[in-house]
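In: A predicted structure for the sequence below; I have some questions about it.
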Amino acid sequence: MKRFLIYTGIIIVITVLIAVVLDGIYTGIFMQSKNRGKIETVINSKAKKYDIVILGSSRANNHFVSQMFENKGFKTFNYGMSGGHLFEASLLLKLMIERKYEIKNVILEADLNLSNDQESEGVSTKFLPYIHNSTVIKNHFSTEENFNKLFYIPFYRYVKYDSEIGFREVYKTVIGEKTNALDNLGYYPLVKHKNGNMKNNIVNLNPLSHNKYYEEIKNICRANDINFIAVMTPMCENVVGMNYFEKVKKAYPEIHNYENVVKEDKYFSSCGHMNDSGARIFTTRILKDFFNK
């Protein structure tokens, strides 16, 4: 029995040591990554200066044409993240402030994402390699249910979220394989699809009366003298439950409603996402209303 316990103890110690070593190797690789995506680009960056930073979900990523702002003389980057929630948008802005970014204006896409204050697992996991290297990231995740496992168990986060931050992502980082996330100053243009879904039902969707991460973004901007512009972006004509946007306006009167600026289906790739033509019409309107100098 004694020999069995010793043998078991040795296996446990070796397993822990291997986990610690692998955790260090993976984290070290991610700490060198700068061209795979928007999150690590911010985390591994030095201070930058922007006239305009765009935050939000895919409805920011696909709707704000960064180059059009640049053409008017505004240094701009679209940090919208497909699938992201306000949880991730707030954390990304915190990291920019931690890295001493100078930002004059933040445009936040705040509409459908106001209906929850949860993390988007597919996006938030990409912050986890840095959880021991950033107090901001640690604190942001500290209230999550599985925080202790993510923070204290070596290599656990890489195993649990292997599809996002596991071996495949590490390998692509090592060989320097780029993605298109940083192309077009962060803007991702969509095309018109013949089979695009042009119907949507948001009847059961309701904005939270107090979205924690929306309020965080607003307060960060106020504390750092950043002009905060929150907008609702367009959806196609065949949406059931469009009074959702009225509910948002009632709960958050400071948010500008641009839901009906672009309507025709020909300007949409799917019901919730404009194609490049629609995005350019929408961006033109935003420039006219907020940056017409």
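Out: On my side now, so go ahead.

In: Excluding residues flanking it in the chain, which one is nearest the residue positioned nearest the centre of the chain?
Out: Closest to where the C-alpha atoms of the chain average out (CA atoms, centre = their mean) is residue 81, at 3.9 Å. Closest residue to residue 81 apart from its sequence neighbours, by CB to CB, 6 or more residues apart in numbering: residue 123 at 5.4 Å. (C-beta placed from N, C-alpha, C; glycine too.)

In: now residue 168
Out: residue 162 (7.8 Å).

In: Check the secondary structure at residue 228 for me.
Out: strand (DSSP: H, G, I helix; E, B strand; the rest coil).

In: Start the count at 777 instead of 1 going forward.
Out: With the count now opening at 777, the last piece we talked about shows up as residue 1004.

In: How about the contacts made by it?
Out: Contacts for residue 1004 (CB atoms under 8 Å, 6 or more residues apart in numbering) come out as 881-882, 884, 993-994, 997-998.

In: 10 Å instead?
Out: Residue 1004 is in contact with 881-884, 993-998, 1030, counting by CB atoms under 10 Å, 6 or more residues apart in numbering.

In: and these, which are buried?
Out: Neighbour-count burial within the contacts of residue 1004 applies to 881-884, 993-994, 996-997; the criterion is 16 or more other CB atoms under 10 Å.

In: Redo the residues you listed as CSV? Include pLDDT.
Out: Shown next, in CSV, are the buried ones among the contacts of residue 1004 (pLDDT from 0 to 100):
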residue, pLDDT
881, 98
882, 98
883, 98
884, 98
993, 98
994, 97
996, 98
997, 98
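
In: Residue 1044: which of those residues is nearest?
Out: Within the buried ones among the contacts of residue 1004, the smallest distance to residue 1044 is 20.4 Å, found for residue 883 (CB to CB).

In: buried sites along the helix or strand hosting residue 900?
Out: In this structure, residue 900 is located in helix 897-900 according to DSSP states H and E. Buried residues in helix 897-900, defined by neighbour count with 16+ other CB under 10 Å: 899-900.
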